[in-house]
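J.: Sequence first, predicted model second:
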Amino acid sequence: MNSTVAANEPRLAQAFVTLLRRDLLLAFRRPAEIANPLLFFVIVVTLFPLGIGPEPNTLQTIAPGVIWVAALLASMLSLDGMFRTDFDDGALEQILLSPHPLSVLVLAKVIAHWMISGLPLILLSPLLGLFMNLPAESIVALVLTLLLGTPVLSLIGSIGTALTVGLRKGGVLLSLLVLPLYIPVLIFAASAVEVAGVGFSIAAQLSFLGALLALALTLAPVATAASLRISVS
Amino acid sequence: MRLEVRDLAVERGDRLLFSGLDFALDDGEVLQIEGHNGSGKTTLLRVLCGLGVPSEGEVLWNGRPINRVRGDYFVDLNYVGHAHGVKGELTALENLGVDRALGRAHPNMDGETALDELAMGNYEDAFGRTLSAGQRRRVALARLFAKQARLWVLDEPFTALDRKTRADLEALIHRHVSGGGMVIVTTHHEMALHECVVKNLTLGL
């Protein structure tokens, strides 16, 4: 094939970037969708000191779990938006009918979802760590674990969302499908934050989270693509 | 290019919509699908696009099952369905930009000229949600020109269009078919397609 023919051949990189940009643009034009999970995250975490009492040691003990559980639920809250509107208005069909590999296009959407829902959580988390009286080492660990963990949440969540997008009331089913798969992330991340506060190395936990991320990154887009084809048919 | 359907049976829910459907469509041909409401026109189109799964039979693109040659088939497929996927938060031009990037962009037309074809040139920067139903459909139909595809699959494309746009769309379909394109269309509208091979298919007899 010569270069003049290839000039308008579909290019995967361009489709990927365009889809990523499109999803970010859509999110910024519907700011409530970014703000809601983020507000939820902040409110849940700040309610704990009020409910339990401002005893610094208690807060420090529960902080890793509380912050991570809140992050997990905030991520769940934003999942439904990943494919819902595209499914309802037919844009998802157009994506499915693209000649490009669907798993790669799905990855673009998941990355956009993470940038909208995961990244703001990470940026806010040091502040919430201070609220909860976490030592500096733990706050660093918190940011690192969120950095490795929240993409896993988006990736795993995309499978569940893709499976339930065709159902009218998929919310409860979605949490049943997705939350059990979130548990390993929660265990290793919360343990890393806790252990960092006592001064131990968190290399093992971070390696495990990295491994989970690598696994999710390779498998989840393929599973999500297959689920979407099932949901649409 | 050739789209062929062999012994197709399609169910919706538990109800058999039709079975034993055979037809073939070659370059420069139009297939007009008619049938009463609920006879399975839209379901058939979705199966032809690979969005639905037939309970029996197969759909072939150049002699090979479409789910084996998705890349080749989808490059040459342009589907405009009931839910046409025009995003309210994007402008008309941005909408088409996404479509062009997802498929094979037309070499001689950009988003603006594609919108001109459907007389939407003045609405390039209008957000989808500010457009009327007919205008949104026209933006969706502009996709036919923003992307270069041999086969057009159109589900009730004349819905919500005014009389003039209907005539325009007929002319555009005619032009596409005369240039060797293929069109599958469901409509109750009588199309004046002179000198074109128009095949008719009536479902639910």
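T.: Structure received.
J.: Can you pull the residues of chain B lying near chain A?
T.: Contact residues (C-beta under 8 Å from any C-beta of the partner chain) of chain B with chain A: B:46, B:49-53, B:70-75, B:77, B:79, B:81-90, B:94, B:97-99, B:101-107, B:148. Backbone N, C-alpha and C define where each C-beta goes, glycine included.
J.: Quick one: buried ones out of these?
T.: B:46, B:49-52, B:70, B:73-75, B:77, B:79, B:81, B:83-90, B:94, B:97-99, B:101-106, B:148 (16 or more other C-beta atoms under 10 Å in any protein chain shown).
J.: Looking at those residues, which are in helices?
T.: Among those, the members found in helices (DSSP state H) are B:46, B:70, B:73-75, B:94, B:97-99, B:101-102.
J.: Just put the residues you listed in TSV and tack on pLDDT.
T.: Below are those laid out as TSV (pLDDT from 0 to 100):
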residue	pLDDT
B:Arg46	92
B:Arg70	90
B:Tyr73	93
B:Phe74	93
B:Val75	92
B:Glu94	93
B:Gly97	92
B:Val98	92
B:Asp99	91
B:Ala101	91
B:Leu102	91
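J.: who are the neighbours in contact with the spatially closest residue to B:Gly38 that is not a sequence neighbour?
T.: In this structure, B:Gly38 finds its nearest non-sequential neighbour in B:Gly204, 7.5 Å apart by C-beta to C-beta, 6 or more residues apart in numbering or on different chains. With contact set as C-beta atoms under 8 Å, 6 or more residues apart in numbering or on different chains, B:Gly204 has these partners: B:17-18, B:35-36, B:38-40.
J.: how about the strands of chain B, start to end?
T.: B:2-12, B:15-26, B:29-35, B:56-61, B:64-65, B:77-80, B:151-155, B:182-186, B:197-203 (DSSP state E).
J.: roughly how far out does the fifth one sit from the chain middle?
T.: I take that to be strand B:64-65. With C-alpha atoms, centre = their mean, to the nearest Å as the basis, strand B:64-65 stands 20 Å off its chain's centre.
J.: mean confidence score for it?
T.: Across strand B:64-65, pLDDT averages out at 93.
J.: List the pairing partners of that strand within its sheet, with orientation.
T.: strand B:56-61 (antiparallel) (DSSP bridges).
J.: In chain B, which residue sits nearest chain A?
T.: Among all residues of chain B, B:Ala83 sits closest to chain A, at 3.0 Å; criterion: C-beta to the nearest C-beta.
J.: Who are the contact partners of the spatially closest residue to that residue that is not a sequence neighbour?
T.: Closest residue in space to B:Ala83, ignoring its immediate chain neighbours: A:Gly90 at 3.0 Å, by C-beta to C-beta, 6+ apart. Counting by C-beta under 8 Å, 6+ apart, A:Gly90 touches B:81-85.
J.: need these in CSV with pLDDT, can you?
T.: As requested, the contacts of A:Gly90 are exported to CSV (pLDDT from 0 to 100):
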residue, pLDDT
B:Gly81, 90
B:His82, 87
B:Ala83, 87
B:His84, 85
B:Gly85, 88
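J.: Could you work out the most separated pair of the residues you listed?
T.: Spatially, the most separated pair among these is B:His82 and B:Gly85, at 10.3 Å (C-beta to C-beta).
J.: thought A:Leu124 was touching A:Phe41?
T.: Yes - the pair A:Leu124 / A:Phe41 is scored as a contact, 7.0 Å apart, by C-beta atoms under 8 Å.
J.: Could you count how many residues lie near the closest residue to B:Ala101 other than its chain neighbours?
T.: Of all residues not flanking B:Ala101 in the chain, A:Thr18 sits nearest, at 3.6 Å (C-beta to C-beta, 6+ apart). By other C-beta atoms under 10 Å in any protein chain shown, the residues close to A:Thr18 number 20.
J.: Give the other helices and strands that the host helix or strand of A:Thr18 contacts.
T.: Using DSSP states H and E, A:Thr18 maps to helix A:12-29. When contacts are defined as 3 or more C-beta pairs under 8 Å, 6 or more residues apart in numbering or on different chains; DSSP states H and E, helix A:12-29 sits against helix A:32-52, helix A:102-131, helix B:92-102.
J.: Kindly recompute the last result at 6 Å.
T.: helix A:102-131, helix B:92-102 (3 or more C-beta pairs under 6 Å, 6 or more residues apart in numbering or on different chains; DSSP states H and E).
J.: With distance to A:Ala214 as new columns, can those be given to me in a markdown table?
T.: Converted to a markdown table, those look like this (distance: least, C-beta to C-beta, whole Å):
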| stretch | distance to A:Ala214 |
| --- | --- |
| helix A:102-131 | 14 |
| helix B:92-102 | 28 |
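J.: Buried deepest among these, which one?
T.: helix B:92-102 (a mean of 25; mean count of other C-beta atoms under 10 Å in any protein chain shown).
J.: Can you spell out which helices and strands pack onto it?
T.: With 3+ C-beta pairs under 6 Å, 6+ apart as the test, helix B:92-102 has helix A:12-29, helix B:111-117, helix B:133-146 packed against it.
J.: try it again with 7 Å
T.: helix A:12-29, helix A:91-96, helix B:111-117, helix B:133-146 (3 or more C-beta pairs under 7 Å, 6 or more residues apart in numbering or on different chains; DSSP states H and E).
J.: Any idea how far it is from the middle of the chain?
T.: 17 Å.
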